[in-house]
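Participant: Predicted model, plus sequence, below.
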Amino acid sequence: MGEPGSKADISTSATEDIRRGRDVATLKQAILDHLYFTQARHIGLATRNDWYMAISHTVRDLMVEDWLNSLHHLTDRTLKIVSYLSSEFLMGPHLGNNLVNLGLTETVRAAVTELGQDMDQLLRQEEEPGLGNGGLGRLAACYMESLATLRVPAIGYGIRYEFGIFDQEIRDGWQVEKTDKWLQMGNPWEICRPELACYVNFGGHTESFTDAEGKYRVRWVPNRVVKGVPYDTPIAGYRTRTTDMLRLWKSEAVESFDFSSFNVGDYYRAVDEKVVSETLSKVLYPNDEPEIGKRLRLAQQYFFVSCSLQDMIRIHFMRGGTIDTFPESFAAQLNDTHPSVAVAELMRLLVDKHQVEWDEAWDITRKTLAYTNHTLLPEALEKWPLPLFASLLPRNLEIIYEINRRFLDEVRTRFPDDEARLGRLSLVDETGGKYIRMANLACVGSHAVNGVAALHTELLKKTVLHDFHELFPEKFHNVTNGVTPRRWMALSNPGLTELISSKLGGTWPSNLETELRGLEPFARNVPFQKRWQQIKQANKEALARVIKERTGIDVDPESLFDVQVKRIHEYKRQHLNVLHIIALYNRIKADPKADITPRTFIFGGKAAPGYFMAKLMIRLINGVGEVVNADPDVAGRLKVVFFPDFNVTNGQMIYPAADLSEQISTAGKEASGTGNMKFSLNGALTIGTLDGANVEIREEVGEENFFLFGLTTKQVHNLKGGGYSPRSFYESNPALREVIDQIASGVFSRGDAALFRPLVDHLLQRDDYLLLADFQSYCECQDRVSAAYRDTKRWTEMSILNVARMGKFSSDRSIREYCANIWGARPVEEPGSAGAPKAAKGAATKRRK
């Protein structure tokens, strides 16, 4: 016998068994084979990464057959394919999630253990693909997994960024950005498809001409062409045979080496085209403050959108379709404004490349595309300077002009003599410098526009998209966001998952809406409560160990874990949380014997590199922690932790350990939020405003199980409209005044009174997000939290009811609603799958009629 896994050991039939077998013995052999043949390592020399790669290739092998069968469904013309276009896909680590969805977690763990390896260490070996900034990319990942779980044929289209969202370190209290080198050790999950490369034009000029049939045509003469190479990753559904696909585009030079330049000694110019072209997919979200950053970001968006639409048309022709039936093959969802250039690009491909007449092309485009809006902040609705757009995408700009001309003619017919309305609806913003309004383009060129929470959608209709709602009310829908319970419960919280399964059986992770409420009868069951508490405590102890390892801070797992982890932004109001911490600290200092519920305040999140105020907020959190954690007067009662580098991997540890979830954005500013859902599904109670999906969470779990504070959206509007004076709140509230004065005087900045001056000045002079107005209500609500936490039995009951009533917030429900109301997509029938989603089936039938 030779080396384990050598050719001498394997017959053809045995190879098939090793590729497909799911028992421990076969999995062990498969892992050893990949260690030897794929990693080219003898077992005695294998590194931890070699073992991780071998296990991952083994698991991918088990996915391939279903993946290939699912790809075959793309040729079935009776099935509509969902294309999810997103500039972000924050997938998280693949191995653990794939094991859960394949039902192989314990089997693979047993095989790895018998091979003498530590499965938990190998799971930690995986580099997380940081291909997203936060909630937007994570939502896209949840939706791809739910599409596969519901057996809906789908392709996720995005960019294969070489460097993702930065890794965050904290040095001297400040955020420091480090390069995310997620590909440096290899990626076993993706497959490169160079034969499917697409080509994308940039710059240059256009030329009009008359074709052989006497029709007016335009050709684009670019000054640069970039090649997009697809990399495909399988996305397994939960206990189904459907495996969908994430297709990410890498930019490459059409010609990567110029021999003529090299031969005359110009070595830099010889590779210049390669360097410039590969920049497009080099890094997630370049700093778009300078002009060159804006140019690169627009180029990235157009690059992946053009590649994706070309690919969709190729697949449509492959399945025997003609160009006029393209909307029957694809439903393309634009995940926020980033891919909205798809409206102009699909028109370009149809009119210029496939010679479709304008009106027919416009009909095809609008039937194909749908747009999800994710923001109520006007500044977050992308606008591109017209000169920049013209220099980069001259043909697309011409098409946008023509779309705008025809659209504004339609508006004039509906609303004559309303020039102000025309100005607001126009695709070109002419107030000051000229800009292309991408959200307006998406609204005009899509057949559906949806918000992501009930409140958000109503506010869209009344505020940033009010004119479009008046013009096209039938386009507007709400699809409240959801999260996948497979990653955020089954994988992240196995103890809780096992307890729930002991009462509900094993099918609830794919039937949250109908089955999770079965926990309600156990909410007051003493033995069940006891086990629930033990699981939460174990999760808190595990997180406490990691906090000690990462930050050096000792925290008490018996204390209330009060957690706020999300992107750092002023409207999310991490600094309101800090104001309360300082007030609580002052209360203890004034009365060292005060009876205070012990708390550990845990923060996490990244600030955009160019966002000064957000970075200053991180420094403030760490400054307060530095003082509080070192003060013996509050020892055992208060701790403040900033958990560095918050991402999916760290979220899987943090959400299950939280007692209290901080969802405290200014009412009317958060579109939905999904962290709020992850916390609640893991048994944390919520303190929050009536903002985003908080409203619906509170409706579902019950008002008595939600800690509500703060101004409502209407009250925010009225307060601002009446001339909000933050200083009046400061002057009339002694506790608040003391907190602000301490920050201003340098108590939390080692005596440097200038450090937090920008933050203090902003709060006292502007306070755009009404921290000072909500401060007293927030503190009073936090006192109610403290009192409730002391009643362990009641708190546990509230925790159980939170989980039991969160079934609505599964991403499976969101996808069913998209299928029914927007896409007209239906699931693939699998053997024994009579229970296909009724909403999706019904919608497809209704649309065909």
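Facilitator: Received, thanks.

Participant: Now do the helices in the stretch 101-250 of the chain.
Facilitator: 105-114, 119-125, 135-149 (DSSP state H, counting those that start in this stretch).

Participant: ok, now the stretch 401-550 of the chain?
Facilitator: Counting by DSSP H, counting those that start in this stretch, the helices of the stretch 401-550 of the chain are 419-425, 438-445, 454-462, 466-471, 485, 494-504, 512-515, 526-551.

Participant: quick one, which of the ones you listed is packed in tightest?
Facilitator: helix 485 (a mean of 32; mean count of other CB atoms under 10 Å). In this view, the C-beta of every residue, glycine as well, is placed from N, C-alpha and C.

Participant: ok, back up a step: can you redo the helices of the stretch 101-250 of the chain as a markdown table with distance to M312?
Facilitator: Shown next, in a markdown table, are the helices of the stretch 101-250 of the chain (distance: least, CB to CB, whole Å):
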| stretch | distance to M312 |
| --- | --- |
| helix 105-114 | 35 |
| helix 119-125 | 35 |
| helix 135-149 | 16 |
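
Participant: Ok, which of these comes nearest A542?
Facilitator: Nearest to A542, of all these, is helix 119-125, at 11.0 Å by CB to CB.

Participant: Figure out which of the helices of the stretch 101-250 of the chain is closest to Y84.
Facilitator: Among the helices of the stretch 101-250 of the chain, the nearest to Y84 by CB to CB is helix 135-149 (6.3 Å).

Participant: The closest one packs against which elements?
Facilitator: Helix 135-149 sits against strand 81-85, helix 94-102, strand 154-159, strand 224-236, strand 243-253, strand 330-335, helix 811-818, with contacts defined as 3 or more CB pairs under 8 Å, 6 or more residues apart in numbering; DSSP states H and E.

Participant: who's in contact with S814?
Facilitator: 143, 146, 479-482 (CB atoms under 8 Å, 6 or more residues apart in numbering).

Participant: try 10 Å
Facilitator: Counting by CB atoms under 10 Å, 6 or more residues apart in numbering, S814 touches 139, 142-143, 146, 452, 479-484, 808.

Participant: How much space separates it from K566?
Facilitator: According to CB to CB, to the nearest Å, S814 stands 19 Å off from K566.

Participant: Could you give the bridge partners of S810?
Facilitator: Beta-bridge pairing for S810 (DSSP bridges): V483.

Participant: R737 - nearest residue in space that isn't next to it in sequence?
Facilitator: With CB to CB, 6 or more residues apart in numbering as the criterion, R737 has its nearest non-adjacent residue at 5.5 Å, and that residue is Y730.

Participant: got the contacts of S814 as JSON lines, with pLDDT, distance to W384 and neighbour count columns?
Facilitator: Below are the contacts of S814 laid out as JSON lines (pLDDT from 0 to 100; distance: CB to CB, whole Å; neighbours: other CB atoms under 10 Å):
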{"residue": "L139", "pLDDT": "97", "distance to W384": "24", "neighbour count": "27"}
{"residue": "C142", "pLDDT": "98", "distance to W384": "29", "neighbour count": "29"}
{"residue": "Y143", "pLDDT": "98", "distance to W384": "27", "neighbour count": "28"}
{"residue": "S146", "pLDDT": "98", "distance to W384": "32", "neighbour count": "29"}
{"residue": "V452", "pLDDT": "97", "distance to W384": "24", "neighbour count": "29"}
{"residue": "V479", "pLDDT": "98", "distance to W384": "27", "neighbour count": "23"}
{"residue": "T480", "pLDDT": "98", "distance to W384": "30", "neighbour count": "24"}
{"residue": "N481", "pLDDT": "98", "distance to W384": "27", "neighbour count": "28"}
{"residue": "G482", "pLDDT": "98", "distance to W384": "31", "neighbour count": "29"}
{"residue": "V483", "pLDDT": "98", "distance to W384": "32", "neighbour count": "30"}
{"residue": "T484", "pLDDT": "98", "distance to W384": "34", "neighbour count": "29"}
{"residue": "K808", "pLDDT": "98", "distance to W384": "37", "neighbour count": "18"}
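
Participant: List just the nearest of these to G675.
Facilitator: V483 (8.8 Å).

Participant: Touching, the closest one and I697? I think so.
Facilitator: No: using CB atoms under 10 Å as the test, V483 is too far from I697 to be in contact (11.9 Å).

Participant: which neighbours do the two share?
Facilitator: Common neighbours of V483 and I697 (criterion: CB under 10 Å, 6+ apart): 676-677, 680, 806, 809.

Participant: and these, which two are the farthest apart?
Facilitator: Largest pairwise distance in the shared contacts of V483 and I697, by CB to CB, is 10.0 Å, between N676 and M806.

Participant: Mind listing the shared neighbours of the two?
Facilitator: What both N676 and M806 touch, as defined by CB under 10 Å, 6+ apart, is the set 483, 697.

Participant: those strands in the stretch 151-300 of the chain, which residues are they?
Facilitator: 154-159, 167-171, 174-178, 191-192, 198-202, 205-210, 216-221, 224-236, 243-253 (DSSP state E, counting those that start in this stretch).

Participant: show me where pLDDT drops low in the stretch 701-849 of the chain?
Facilitator: 831-849 (pLDDT under 70).

Participant: Kindly report the same for the stretch 201-350 of the chain.
Facilitator: The model of the stretch 201-350 of the chain has pLDDT under 70 over residues 256-273, 286-289.

Participant: again, only this time at 90
Facilitator: Where the stretch 201-350 of the chain drops to pLDDT under 90, the residues are 212, 255-279, 283-293.

Participant: Let me know how buried the spatially closest residue to R421 that is not a sequence neighbour is, in neighbour terms.
Facilitator: Among residues not flanking R421 along the chain, F415 sits closest, at 5.3 Å (CB to CB, 6+ apart). Using other CB atoms under 10 Å, F415 has 16 other residues around it.

Participant: One more: T689?
Facilitator: For T689, using other CB under 10 Å, the count is 28.

Participant: Against I235, how distant is it?
Facilitator: To I235, T689 is 34 Å away according to CB to CB.

Participant: Could you measure from Q39 over to M185?
Facilitator: Q39 is 11 Å from M185, by CB to CB.

Participant: try S810
Facilitator: S810 is 33 Å from M185, by CB to CB.

Participant: Of these two, which one has the most company?
Facilitator: Taking neighbours as other CB under 10 Å, S810 and M185 compare with S810 leading, 28 against 15.

Participant: from what I can see that one touches P509, true?
Facilitator: Yes: if you go by CB under 10 Å, S810 and P509 touch, sitting 8.8 Å apart.
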